[in-house]
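# Next one to model:
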Amino acid sequence: MPHRGAAWVFASSLPTTDTTLPADILFRAGKLCVSYIFEAELAFSPGSPCAAAIQDPASRSGRRSVPHRTGRLQPKQTRENTMRSLTQPVAEERSKQEDFETLKRKIHSKLVDKLDLSRVGELEGDVLRREIRLVVEHLCDTEDTMLNRNERERLIEEVLDETFGLGPLEFLLKDTSISDILINGPKHIYVERRGKLEKTNVTFRDNGHLLQIIDRIVSKVGRRVDEVCPMVDARLQDGSRVNAIIPPLALDGAAVSIRRFGSNPLKLEDLLNYKAFTPEMVMLLEGAIKGRLNMVISGGTGSGKTTLLNTLSSFIPHDQRIVTIEDAAELQLQQEHVVRLETRPPNIEGKGQISATDLVKNALRMRPERIIIGECRGPETLDMLQAMNTGHEGSLTTIHANTPRDGIARIETMITMAGFELPIKAMRQQIASAVQLIIQANRLQGGPRKVTHITEVVGMEQDTIVMQDIYRYVQDGIDENGRAHGHFESTGIRPNFMDRLEGAGVRLPASAFRQRVMMTD
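Numbers count the residues shown, from 1 in each chain. Below you'll find the model as predicted:
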């Protein structure tokens, strides 16, 4: 009891002759009086409304007085001031950004009016950008911009990006740590860094601005995107793959997916450092390439199939003629004797389409020693298998599948897309005869990409294709950062195609196939 002493003082001050009141009642009465005294002191403390009313002459004259706004604010006022303090900076920042965008559009419009297109075509890229930069700086000086040095430099760079580049995307494309750029409408742009998706502050002005950038991308590779053809595959100058889909199919604005391929693609040493596979696996794959085995790289979306295909192609001898066939050219082969072919979509009248099947048939007449199809996803699979069986050994392709066994089933499904009703046994015999090795690449939880299986296609046993794993990756669990970890192991099986490799002059040590755990990550 904080005021026990004061209560007892009050009780003891009562007349002692009154014996009708018990001691506990006297104590409670004293405590009640003390609480009233403390409340009165608080009510009439300096700065309180009661004290202000007493000090205000208007209150003594009987007139109504407005209480002084001193002391603690009322709850309603506190909430209003708090909301105002929270929303005001956001509104000011939004207004500042809108003014910046308006100024950028104004300067860009003036720049377009001042450009001499006949002279622009005569200048090279770096010289032209330098000359245009001087013009933009002059336009910034003529405007009452009220910008500091950093904002002025940012304005100049963004105007140049709008003029020569891909607008807001240029900032993201300069970041080498970004592997994927995902655009969900003009205001929602996500990127992937080190296997993790994160939202960025980069935005487009509106959906029209985004459509303008998409059109700029696809027009450079001779393609178009509009309401008649609202889906398109294209590529950037560095080989990055672009897919775009626009309204009316995309309900919330145009959607764009960019798979980055840097100017310095990953090499064999990089994949070894990332523990995507082991040195023993590399020795086997190099021997398989030099021994001209037909290989299929299987994996899901974003598992690194194209990167692995580029890496394996470095083992192909430079004196061999290679023909590549892709929907959107993204392979980066290091050989000189390479013929690159790309499919073509139909025109606005629905004519002129050139499919991968047409290109495979044409490639057979071009005297290729190896044919590389960027991805088999339809009827061209049958033509690819026939090419592998008719003298074009050492060919490579990729497919979408989660396991080697699923890859075989997917190949069977794509063969049926060709429209031929082949018996299932004949179809599987064709596959078992054409494909010798399946390489499975997977993207594990948390982002790491691994070669999880190197599987040999042994042959047919009755109506079933027989396969055996030579190397595999076994996931042991998830670490504290949410990344999968495990180990590479050798199954102890010596491949049946080793005699073929030795006949081609490729010799691998017997210890490479000894059953053991080869690496732990």
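# Now the element after the host helix or strand of residue 429, going C-ward?
Secondary structure assignment for residue 429, by DSSP states H and E: helix 424-434. Scanning forward in sequence from helix 424-434 by DSSP H and E, the next helix or strand is strand 437-443.
# From the contact counts, what lies against that following strand?
For strand 437-443, the packing partners by 3 or more Cβ pairs under 8 Å, 6 or more residues apart in numbering; DSSP states H and E come out as strand 295-299, helix 305-313, helix 404-416, strand 449-461. Where C-beta positions appear, they are placed from N, C-alpha and C, glycine not excepted.
# mind giving me CSV with the ones you listed and columns for distance to residue 223 and mean neighbour count?
Formatted as CSV, those follow (distance: least, Cβ to Cβ, whole Å; neighbours: other Cβ atoms under 10 Å):
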stretch, distance to residue 223, mean neighbour count
strand 295-299, 26, 26
helix 305-313, 20, 22
helix 404-416, 24, 19
strand 449-461, 29, 21
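# wait, which of these is closest to residue 427?
Residue 427 sits nearest to helix 404-416 of all these, at 5.6 Å, using Cβ to Cβ.
# Could you list the buried residues of the helix or strand hosting residue 341?
Assigned by DSSP H and E, residue 341 belongs to strand 338-342. By neighbour count on 16 or more other Cβ atoms under 10 Å, the buried set for strand 338-342 is 338, 341, 342.
# can these go into TSV with extra columns for pLDDT?
Shown next, in TSV, are these (pLDDT from 0 to 100):
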residue	pLDDT
338	92
341	93
342	89
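# how about a markdown table for those residues, with distance to residue 240 added?
As requested, these are exported to a markdown table (distance: Cβ to Cβ, whole Å):
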| residue | distance to residue 240 |
| --- | --- |
| 338 | 19 |
| 341 | 20 |
| 342 | 15 |
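# Can you pull out the low-pLDDT segments for the stretch 351-500 of the chain?
Of all residues in the stretch 351-500 of the chain, none has pLDDT under 70.
# Okay, the closest residue to residue 496 other than its chain neighbours and residue 470: tell me how far apart.
Closest residue to residue 496 apart from its sequence neighbours, by Cβ to Cβ, 6 or more residues apart in numbering: residue 458 at 6.0 Å. Computed as Cβ to Cβ, to the nearest Å, the residue 458 to residue 470 distance reads 11 Å.
# What lies in contact with the strand holding residue 341?
321-329, 331, 359, 362-363, 366, 368 (Cβ atoms under 8 Å, 6 or more residues apart in numbering).
# quick one: the helices in the stretch 101-250 of the chain?
117-120, 125-142, 149-164, 169-173, 207-219 (DSSP state H, counting those that start in this stretch).
# Between those, which one is closest to residue 195.
Of the helices of the stretch 101-250 of the chain, nearest to residue 195 by Cβ to Cβ is helix 169-173, at 17.0 Å.
# Out of the helices and strands packed on strand 437-443, which is closest to residue 169?
Among those, if distance is taken as Cβ to Cβ, the winner is helix 305-313, at 21.0 Å.
# picking that back up, could the helices of the stretch 101-250 of the chain go into CSV alongside mean pLDDT, mean neighbour count and distance to residue 302?
What follows is the helices of the stretch 101-250 of the chain, written out as CSV (pLDDT from 0 to 100; neighbours: other Cβ atoms under 10 Å; distance: least, Cβ to Cβ, whole Å):
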stretch, mean pLDDT, mean neighbour count, distance to residue 302
helix 117-120, 54, 9, 39
helix 125-142, 70, 13, 32
helix 149-164, 72, 16, 27
helix 169-173, 87, 18, 18
helix 207-219, 90, 18, 20
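# CSV please, covering those helices and showing distance to residue 232.
Converted to CSV, these look like this (distance: least, Cβ to Cβ, whole Å):
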stretch, distance to residue 232
helix 117-120, 27
helix 125-142, 25
helix 149-164, 22
helix 169-173, 16
helix 207-219, 5
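# Figure out which of those helices is closest to residue 239.
helix 169-173 (12.2 Å).
# just checking, what packs against that closest one?
strand 178-184.
# The strand it packs on pairs with which strands, and in what direction?
The pairing partners recorded for strand 178-184 under DSSP bridges are strand 189-193 (antiparallel), strand 255-259 (antiparallel).
# quick one: contacts of it?
Residues contacting strand 178-184 (Cβ under 8 Å, 6+ apart): 169, 172-173, 189-193, 197, 210, 252-260, 302.
# quick one, the helix holding residue 429 and strand 449-461 angle?
120 degrees (axes from the mean of the first three to the mean of the last three Cα atoms, to 10 degrees).
# What residues sit buried inside helix 424-434?
Those would be 427, 428, 429, 430, 431, 432, 434, for helix 424-434 by 16+ other Cβ under 10 Å.
# and what of stretch 330-338?
Buried, per 16+ other Cβ under 10 Å, within stretch 330-338: 330, 331, 333, 338.
# Now the third one. Nearest residue, chain neighbours left out?
Read it as residue 333. That would be residue 313: by Cβ to Cβ, 6+ apart, it lies 4.9 Å from residue 333.
# Equivalent analysis for residue 237, please.
Nearest one to residue 237, counting by Cβ to Cβ, 6+ apart, is residue 220 at 7.6 Å.
# Sketch out the low-pLDDT regions of the stretch 1-150 of the chain for me.
Judged by pLDDT under 70, the stretches of the stretch 1-150 of the chain that qualify are 1-94, 96-101, 104, 107-108, 110-129, 131, 138, 141, 144-147.
# coming back round to it: what's the following helix or strand after the strand holding residue 341?
Assignment by DSSP H and E places the next element after strand 338-342 at helix 356-363.
# Which pLDDT value belongs to the nearest residue to residue 394 once chain neighbours are set aside?
The shortest distance from residue 394 to any non-neighbouring residue, by Cβ to Cβ, 6+ apart, is to residue 292 (3.6 Å). Model confidence at residue 292, given as pLDDT, is 93.
# Count the residues that sit near residue 292.
20 (other Cβ atoms under 10 Å).
# again, but for residue 474
Using other Cβ under 10 Å as the criterion, the residues surrounding residue 474 number 10.
# rewinding a little: can you tell me what sits against the helix holding residue 429?
For helix 424-434, using Cβ under 8 Å, 6+ apart, the contacting residues are 294, 385-386, 388-389, 408, 411-412, 415-416, 422, 457, 459-460, 463-466.
# go again using 6 Å as the cut-off
With contacts defined as Cβ atoms under 6 Å, 6 or more residues apart in numbering, helix 424-434 is touched by 294, 385, 388, 389, 411, 412, 415, 457, 459, 460, 463, 465.
# Can you give the distance of it from its chain's centre?
Remark: helix 424-434 is offset 38 Å from the chain centroid, using Cα atoms, centre = their mean, to the nearest Å.
# got the angle for that helix vs strand 295-299?
Using the same axes, to 10 degrees: helix 424-434 against strand 295-299 is 110 degrees.
# before we move on, back to that, make a PyMOL selection of the buried ones in the contacts of strand 338-342.
In PyMOL, this line selects whichever of the contacts of strand 338-342 come out buried by 16+ other Cβ under 10 Å:
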select buried, resi 322+323+324+325+326+327+328+329+331+359+363+368
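# Closest one to residue 506 out of the contacts of strand 338-342, please.
Nearest to residue 506 among the contacts of strand 338-342, with distances taken as Cβ to Cβ, is residue 322, at 19.4 Å.
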